[in-house]
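how would this look folded up:
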Amino acid sequence: MDTTLLAFAVLGFVAIVLLIESVYLYWNSRHGPVVKRTDARIRAMSAGGHVSGEQMSILKQRLLSESPTLTRMLLRMPRVHRLDLYLQQSGLTWSVGRFVGYTVAFGGAGLVFGVGAMHLPFAISLVVAGAAALLPLAYLRGKRAKRIVKLERQLPDAADLIARALRAGHSFPAALGMVGDELPNPLGGEFRIAFDEINYGVSMNDALMNLVSRVPVDDVRYFVIAVLIQREAGGNLAEILGNIAGIIRERLKLLAKVRVLSAEGRLSAWILGLLPFIVIAALSVLNPGYCKVFWEDPTGQQIAGLGLGMMFFGILWLRKTVRIRV
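Numbers count the residues shown, from 1 in each chain. As a prediction, the model looks like this:
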């Protein structure tokens, strides 16, 4: 099959899928189950009645998917709520259904590319499809890691701001609201959510534990533990938070120093990990016959599989070596 024709076919398929999804999202925003439930609750409250058979929660419930059928299927998956929490921690607006859809779409595109465009054996094409299917997960992990770094850098300022507000005579919930208003996202938004939950009637303990679940940072956990212990045992919370802010700043300084000293090792790990793949890709383009033995000959396929396995474990070993926790 001609490569240009195959590319047009793939692009046409993607365009049709996006068109169908946009039509469905438009219909669901006007006539979906969430809209119907909201209208029913508004009618019930405006009439002075109660919503029968449902216990209304003041906490916002996240949807696994816009489609009820897909939601029921996702609920059967193990650890689906853990994946949903992972998405929430990354700061993305994706639902679990959208993440699964991206994974399947990238995997299918990788399989079509390997079989149709590159004319690779089916086993090698499956490897390409698996690698392509992992791209949404890699993007998700990268966004989550960057967000965690921003949260860690903002936390000392948040603790200092709360300590100053407490010394000025404000209550702790009011100090949370000040942090939410003064600090930029992502930490400001998380404290603003905790402040709103407390205002809507959620207990202080539950609101702080929800903050810990949304912000996967150890320092936030220590911050919440200190606040909860102070609420039970008493003490000078402003002084405690000031000490926590100082400790976090010193740890971040040490972490920055460690990253500078280990920069050469991390760069070497990246070069050693990517160089074999770059070389084989360049040889496949410049001299396709040179690498054909790895795709067509059974012995070459075994050698290629063994090499990929050794490269995988080598990358894991290098990653373990250059990662230093402070």
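
From the recorded domain assignment, give the ranges for the protein.
The chain breaks down into these domains under automatic domain parsing: 145-242, 262-322.

Tell me which of these is the most buried.
domain 145-242 (a mean of 17; mean count of other Cβ atoms under 10 Å). In this view, the C-beta of every residue, glycine as well, is placed from N, C-alpha and C.

which residues of the chain score low on pLDDT?
Low-confidence segments of the chain (pLDDT under 70): 1-12, 15, 29-61, 325-326.

Tell me where the longest helix sits in it.
If you go by DSSP state H, the chain has its longest helix at helix 135-167.

The helix or strand following that one versus helix 135-167: what angle between them?
Once the chain leaves helix 135-167, the next helix or strand it forms, by DSSP states H and E, is helix 172-182. With axes from the mean of the first three to the mean of the last three Cα atoms, to 10 degrees applied, the angle from helix 172-182 to helix 135-167 works out at 120 degrees.

after helix 172-182 comes which helix or strand?
Using DSSP H and E, the helix or strand that follows helix 172-182 in sequence is helix 187-199.

which secondary structure elements does that following helix contact?
When contacts are defined as 3 or more Cβ pairs under 8 Å, 6 or more residues apart in numbering; DSSP states H and E, helix 187-199 packs onto helix 135-167, helix 172-182, helix 204-214.

out of those helices, which comes closest to residue 292?
helix 135-167 (26.6 Å; Cβ to Cβ).

Mind giving me the packing neighbours of the closest one?
helix 80-90, helix 96-112, helix 172-182, helix 187-199, helix 218-233, helix 237-261.

Tell me the buried residues in the last one?
Within helix 237-261, the residues scored as buried using 16 or more other Cβ atoms under 10 Å are 237, 238, 240, 241, 242, 244, 245, 248, 249, 252.

What lies in contact with that helix?
With contacts defined as Cβ atoms under 8 Å, 6 or more residues apart in numbering, helix 237-261 is touched by 152-153, 155-157, 159-160, 162-164, 166-167, 172, 219, 222-223, 226-227, 230, 324, 326.

Repeat the analysis, applying 6 Å as the threshold.
155-156, 159-160, 162-163, 166-167, 219, 226, 230, 324, 326 (Cβ atoms under 6 Å, 6 or more residues apart in numbering).

then the very next helix or strand once past it to CSV, C-alphas only?
As assigned by DSSP H and E, the chain's next helix or strand after helix 237-261 is helix 263-286. Output of helix 263-286 as CSV, limited to C-alpha atoms (Å, rounded to 0.1, in the frame of the first residue of the first chain):
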residue,chain,number,x,y,z
ALA,A,263,24.2,16.7,36.7
GLU,A,264,27.1,15.1,34.8
GLY,A,265,26.0,11.6,35.8
ARG,A,266,22.4,12.3,34.8
LEU,A,267,23.5,13.6,31.4
SER,A,268,25.7,10.5,30.9
ALA,A,269,22.7,8.3,31.7
TRP,A,270,20.6,10.1,29.1
ILE,A,271,23.2,9.8,26.4
LEU,A,272,23.9,6.1,27.2
GLY,A,273,20.2,5.3,27.2
LEU,A,274,19.2,7.1,24.0
LEU,A,275,22.3,6.5,21.9
PRO,A,276,21.6,2.9,20.8
PHE,A,277,18.1,3.8,19.7
ILE,A,278,19.3,6.9,17.8
VAL,A,279,22.0,4.9,16.0
ILE,A,280,19.6,2.1,14.9
ALA,A,281,17.0,4.7,13.7
ALA,A,282,19.7,6.6,11.7
LEU,A,283,21.0,3.3,10.2
SER,A,284,17.4,2.3,9.3
VAL,A,285,17.0,5.5,7.4
LEU,A,286,20.4,5.8,5.8
